[in-house]
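Novice: predicted model and sequence follow; I will ask about them next.
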Amino acid sequence: QAVVTEEPSLTVSPGGTVTLTCGSSTGAVTSGHYPYWLQQKPGQAPRTLIYNTNNKHSWTPARFSGSVLGDKAALTLSGAQPEDEAEYYCLLWHSGGRPVFGGGTKLTVL
Amino acid sequence: EVQLVESGGGLVQPGGSLRLSCAASGLTFSSDMLSWVRQAPGKGLEWLSQISSSSSTMYFEDSVKGRFTISRDNAKNSLYLQMNSLRAEDTAVYYCVRGGWGQVVDYWGQGTLVTVSS
């Protein structure tokens, strides 16, 4: 089974920019993996921020954006706010529509 | 407003069974793919199962294949997860999710906690 990897933790200053990445043990991540990014705050259910690489839901703050950078999917947060402190999960769809989550990135805004 | 409300969680002994339900409102339930995702305490997310709108296509993660069954009742706007032969490692919060392979994943329920322990 594919393993999806994310940075375990990252720190960003308020107002700063940070990029989270998502790789796959099967090789380069492409738009064909339909990358998702989810945000989860303590005690809350996950919330989907980005789908299909770079598409946002109506509730997704404009400061979040998704892309593929090199061989990984990426989530960029520009202008970090204290409320962005959370766990972020990447989700990739592998061959045959098999969904695999990354282990999550704990983002600290400090 | 879309709402997904899970129920049916609780404490169950190893080897036991439990049936989770998810009541949906505010969406065109009969047209939607639905899924179950779980999260063990302090751990990450795990996609368990998904079911197409007509129940013709289903997916199960290897860890639950043969033990869990997914079903839906479009007349009642409800999704179910029948869990048999439960193990300690099945202890988790179980989330109902709209979407899956072929349909955008958007709404999540608040989850229901399943604890497998003697």
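Specialist: Sure thing, it's come through.
Novice: so for chain A, the centremost residue is which one?
Specialist: For chain A, residue A:37 is the residue whose C-alpha lies nearest the centre (CA atoms, centre = their mean; 3.7 Å).
Novice: in chain A, which spans are helices?
Specialist: Taking DSSP state H, chain A contains no helices at all.
Novice: residue numbers of it in contact with chain B?
Specialist: Taking CB under 8 Å from any CB of the partner chain as the criterion, the neighbours of chain B within chain A are A:1, A:36, A:38, A:45-48, A:51-52, A:55, A:57, A:89, A:91, A:93, A:97-104. The way it works is simple: take the backbone N, C-alpha and C, and place the C-beta from them, glycine included.
Novice: help me confirm that the residue nearest to the centre of chain A comes into contact with residue A:75.
Specialist: Yes - using CB atoms under 8 Å, residue A:37 is in contact with residue A:75, at 4.5 Å.
Novice: overlap of the contact sets of those two?
Specialist: A:20, A:22, A:49-50, A:64, A:66, A:88, A:90 (CB atoms under 8 Å, 6 or more residues apart in numbering or on different chains).
Novice: identify the farthest-apart pair in the residues you listed.
Specialist: Among the shared contacts of residue A:37 and residue A:75, the pair separated by the greatest distance (CB to CB) is A:22 and A:64, at 14.0 Å.
Novice: the more surrounded of those two?
Specialist: residue A:22 (28 against 18; other CB atoms under 10 Å in any protein chain shown).
Novice: now the more buried one: closest residue in space, sequence neighbours ignored.
Specialist: residue A:90 (3.4 Å; CB to CB, 6 or more residues apart in numbering or on different chains).
Novice: any idea how far the one you found is from residue B:29?
Specialist: Going from residue A:90 to residue B:29 by CB to CB, to the nearest Å gives 28 Å.
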